[in-house]
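In: Predicted model and sequence follow; I will ask about them next.
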Amino acid sequence: MRHFKHQILFILIVLYSCGHDNQSRKVQSASIDILHNDTLFKNFDTLENKWNSTPVNFDTLYRLAKQLNKQADNYPNRKEIKLTEIYKRCADIYRAQQFPDCDPNKSQLLCSKDTLLIIDCYKKAIGIFQSNSNSLSGSSTDAIILSSSFADAMFQLADVYEQLGKFQLALPYRQEYLALLLRTEKPNLEMVADAYMYLGSNYELQKDYRTAYKFYLKELEN
């Protein structure tokens, strides 16, 4: 009987220990997540400070952007709107790299080994906003549209495709960028005029001069 009681006591101790270990693991996991989150956004702040500093050390920025890119890819909450800014800034930094031996008649993007990564970063920035757009409305959506993160990611991705000579891939982003500006309650008319101009330029590059002319007229109206 005493032996049976000892067995029960032993089982209870084991169960308590397992429960305690599980709780400890949960606390540890939560702590790792918090640390991961803090590290990601602290590193982004560091990157932004260096991006806005004078003079700008692009080699350091490039290394930091590569590290930050990997951290952002591993971030668990894929709907975190701040990732839009992170991915866009990484793409901006990759594009800032210069290649002296590049053919001067070519776009620098054609000489960059990060071209696909640049496109991927802009697409991720756009996708994260779009995944949040259903839960946003009115002024919240307008604020993000007019911010330098989402709308500019759309604009820059179109620019990348055009520099690569992929005008048809750029066209939907030019169209969507204009549509975003027109959706806001108080669109910036100068930005709208520029959007019409770039859209007209895209059609001109595709030798659709009739449509290009139509958008150039819209630019002048604004």
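Out: Cool, the structure landed.

In: Near the nearest residue in space to residue 150 that is not next to it in sequence, how many other residues are there?
Out: Using CB to CB, 6 or more residues apart in numbering and skipping the chain neighbours, the partner closest in space to residue 150 is residue 129 (4.4 Å). C-betas here are computed from N, CA, C, even on glycine. Residues lying near residue 129 (other CB atoms under 10 Å) number 24.

In: what comes into contact with the host helix or strand of residue 129?
Out: With secondary structure defined by DSSP states H and E, residue 129 is part of helix 115-133. Taking contacts as CB atoms under 8 Å, 6 or more residues apart in numbering, the residues outside helix 115-133 that touch it are 69, 72, 78-81, 83-85, 87-88, 90-91, 94-95, 109, 112, 141, 144, 149-150, 153-154, 156-157, 160-161, 164.

In: What are the buried residues along that helix?
Out: Residues of helix 115-133 classed as buried under the neighbour-count rule (16 or more other CB atoms under 10 Å) are 115, 117-122, 124-126, 128-129, 132.

In: So what's the residue count around residue 100?
Out: The tally of other residues near residue 100 (other CB under 10 Å) stands at 6.

In: So it: helix, strand or coil?
Out: Of the three states, residue 100 takes coil under DSSP: H, G, I helix; E, B strand; the rest coil.

In: So it versus residue 55, what's the distance?
Out: Note on residue 100: its distance to residue 55, by CB to CB, to the nearest Å, is 18 Å.

In: which stretches of the protein have low pLDDT?
Out: Filtered on pLDDT under 70, the chain yields the residue ranges 1-37, 134-148, 185-186.

In: how about the helices in it?
Out: For the chain, the helices defined by DSSP state H occupy 2-51, 58-73, 82-95, 115-133, 138-146, 150-163, 167-183, 189-205, 209-221.

In: I'd like to know which elements the second one is packed against.
Out: It refers to helix 58-73. Secondary-structure packing of helix 58-73 (3 or more CB pairs under 8 Å, 6 or more residues apart in numbering; DSSP states H and E): helix 2-51, helix 82-95, helix 115-133.

In: Which elements pack onto the shortest one?
Out: Judged by 3+ CB pairs under 8 Å, 6+ apart, the packing partners of helix 82-95 are helix 2-51, helix 58-73, helix 115-133, helix 150-163.

In: contact partners of the shortest one?
Out: Okay, so that is helix 150-163. Outside helix 150-163, the residues within contact range by CB under 8 Å, 6+ apart are 84, 87-88, 91-92, 95, 107, 109-110, 115, 118-119, 122-123, 125-126, 129, 144-145, 167, 169-171, 173-174, 176-177, 180-181, 198, 202, 205.
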